[in-house]
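Engineer: For reference, the sequence and a predicted model appear below.
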Amino acid sequence: MDSVEKYIAEVLAEIRPLPSREIALADVLGAVLDGDVTAQWPLPPFDNSAMDGYAMRAAEIASATADNPVSLPVSGEIPAGSTAPNRVEPGTCMQIMTGAAMPGGADTVVPVEATDGGTAVVQIREAAPAGSSVRLKGGDAQPGDLLLASGTRIGPVHLGLLAAAGRATVRARPRPRVTVISTGDELIEPGTELIPGQIWESNGKMLAAAAQQAGCDARRYPIVRDNIAAVLAAVETAISEADLLITSGGVSMGGEHDVVKAALTTLGTVTFRKVAMQPGMPQGFGTLGPGSTPIFTLPGNPVSAYVSFCLFVLPALDALQGYERERGASPLPATLTKAVRSPAAKRSFLRGVLDRRADNQAAGQVTQVTPVTGQASHQLASLARANALVIVPEEITELDAGAVVDVLELP
Ligand code: AMP
Ligand code: MG
């Protein structure tokens, strides 16, 4: 049996990052920047008003108070988007809206709240030192400033910044395209009536959603029956539109019934092994086709499939985008509230509920974790109650309540 680390290392050694390309902003969410993005223009691009109010010369209203307001004639109005050149002559002011370009001659903005709101003549009731309520050109970023570092995974705010900086496209590694293929003669789609011996297909939906949540373009292939030719045909079809394939089922020790293993073994580039873990011992990984597309063959038990996805597929998806997590998937320490058992020579990933309530943490307590009832690898309802995996090392077979364990939060 291989250790979890050895298997992860072997997987990552095979993954080549997707080539980067210029990606339009509309499609760049979740992509990973290949190259720094620097500002080409100042941000903001021109001096503008931070308030709805009046633009004027600060020196002319230095004495203004509520009791002794300063009166100024209003020479015009500047809405946001106005591109006309404007100028405030000495002894006058202009009405100005938030985001509108500062007129020449003015050095301050008095918010409308500090005035009587006049349109021909305005009473200014407060002084405003030069620069008040003015957003300076380049005050957020100057040309040449680093906006986003290479390796950033584009989130909504990054996307907003790219747009604000005038970028219509950016060089990045795209969201990986993932296809999930579920295999099994027993599987039928939810919404159809179950005959004893059948089950409703769940892994395909769960794994495609997990890939989607991880930032991929994921889709499900229609259910594939336990038939070698059908598995090979599905893989061949799916590979043309995927950067990574996932199969579920058909890789355990059932001999000819384990059709994924039987089918892909013939191709010679996918290897099947046992990983010293529970759940998720039977694993297969390799590359297929002209593009050396990575393929994970996950075990069919739903909990095994999901845990395997979190441990092995997620890091591979990151590697496809050349993405390095700051914190990695580093475990946190937590105190077990219940005793647990674990098989010898295997690392257990028990499903648990991590109690992250702020009051515990304020009391300076180590976070507590409670293993859920139902730790078998088919128990999806138990997995759904969990928010974390409790790691029990290979050499440990029993832990008492109160023991400190490593815990991985589930996505
Ligand atoms: P297998 O890995 O094909 O031997 O399947 C192991 C267990 O997982 C069996 O109980 C299967 O019925 C179940 N299983 C396999 N594939 C799926 C699936 N796509 N959805 C739900 N359960 C599955
Ligand atoms: Mg099966």
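Structural biologist: Here it is on my side, so go on. Numbering: from 1, shown residues only. Ligands and ions are numbered 1, 2, ... in the order given.
Engineer: Quick check: residues of this protein near ligand 1?
Structural biologist: Contact residues (CB under 6 Å from any ligand atom) of the chain with ligand 1: 182, 184, 186-187, 199, 201-204, 248-252, 254, 299-302, 378. Glycine gets a C-beta too; all of them are placed from N, C-alpha and C.
Engineer: Give me the average confidence score over stretch 296-305.
Structural biologist: On average, the pLDDT along stretch 296-305 is 98.
Engineer: who's in contact with it?
Structural biologist: Taking contacts as CB atoms under 8 Å, 6 or more residues apart in numbering, the residues outside stretch 296-305 that touch it are 183-184, 202-203, 206-207, 244-252, 260-261, 264, 270, 272, 279-285, 308-309, 312-313, 316, 351, 376-380, 382-383.
Engineer: Generate a ChimeraX selection restricted to the buried subset of the residues of the chain next to ligand 1.
Structural biologist: Command for ChimeraX that selects the buried part of these, burial taken from 16 or more other CB atoms under 10 Å:
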select :182,184,186,187,201,202,203,204,248,249,250,251,252,299,300,301,302
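Engineer: ok, which of the residues of the chain next to ligand 1 also contact ligand 2?
Structural biologist: Near ligand 2, judged by CB under 5 Å from the ion, the entries from the residues of the chain next to ligand 1 are 184, 249, 250, 300.
Engineer: ok, now which ones touch the first one?
Structural biologist: For residue 184, the set of contacting residues under the criterion of CB under 8 Å, 6+ apart consists of 201, 223, 225, 226, 249, 250, 300.
Engineer: Now for the second one, how many residues are close by?
Structural biologist: Going back to what we said before, that points to residue 223. Counted with other CB atoms under 10 Å, residues neighbouring residue 223 total 19.
Engineer: what about the residue nearest to it when sequence neighbours are not counted, distance to residue 229?
Structural biologist: Ranked by CB to CB, 6 or more residues apart in numbering and with sequence neighbours excluded, the top spatial neighbour of residue 223 is residue 187, at 4.9 Å. Distance of residue 187 to residue 229, given as CB to CB, to the nearest Å: 18 Å.
Engineer: cool, residue 265 as well?
Structural biologist: With CB to CB as the criterion, residue 265 and residue 229 are 14 Å apart.
Engineer: Neighbour count: the two, which is higher?
Structural biologist: residue 265 (16 against 10).
Engineer: So which elements touch the helix or strand where residue 229 lies?
Structural biologist: Secondary structure assignment for residue 229, by DSSP states H and E: helix 228-239. Helix 228-239 sits against strand 177-182, strand 244-248, helix 259-265, with contacts defined as 3 or more CB pairs under 8 Å, 6 or more residues apart in numbering; DSSP states H and E.
Engineer: roughly how far is the helix or strand harbouring residue 160 from the heart of the chain?
Structural biologist: Using DSSP H and E, the element containing residue 160 is helix 156-164. Put simply, helix 156-164 sits 15 Å off its chain's centre (CA atoms, centre = their mean, to the nearest Å).
Engineer: Same check on stretch 392-400?
Structural biologist: Put simply, stretch 392-400 sits 33 Å off its chain's centre (CA atoms, centre = their mean).
Engineer: ends of that stretch, how far apart?
Structural biologist: 12 Å (CA to CA, to the nearest Å).
Engineer: Including mean pLDDT, could the helices and strands packed on helix 228-239 go into TSV?
Structural biologist: Output for the helices and strands packed on helix 228-239, formatted as TSV (pLDDT from 0 to 100):
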stretch	mean pLDDT
strand 177-182	98
strand 244-248	98
helix 259-265	96
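Engineer: so when I look at residue 82, I'm seeing a helix, right?
Structural biologist: No. Assessed with DSSP: H, G, I helix; E, B strand; the rest coil, residue 82 is coil; it does not lie in a helix.
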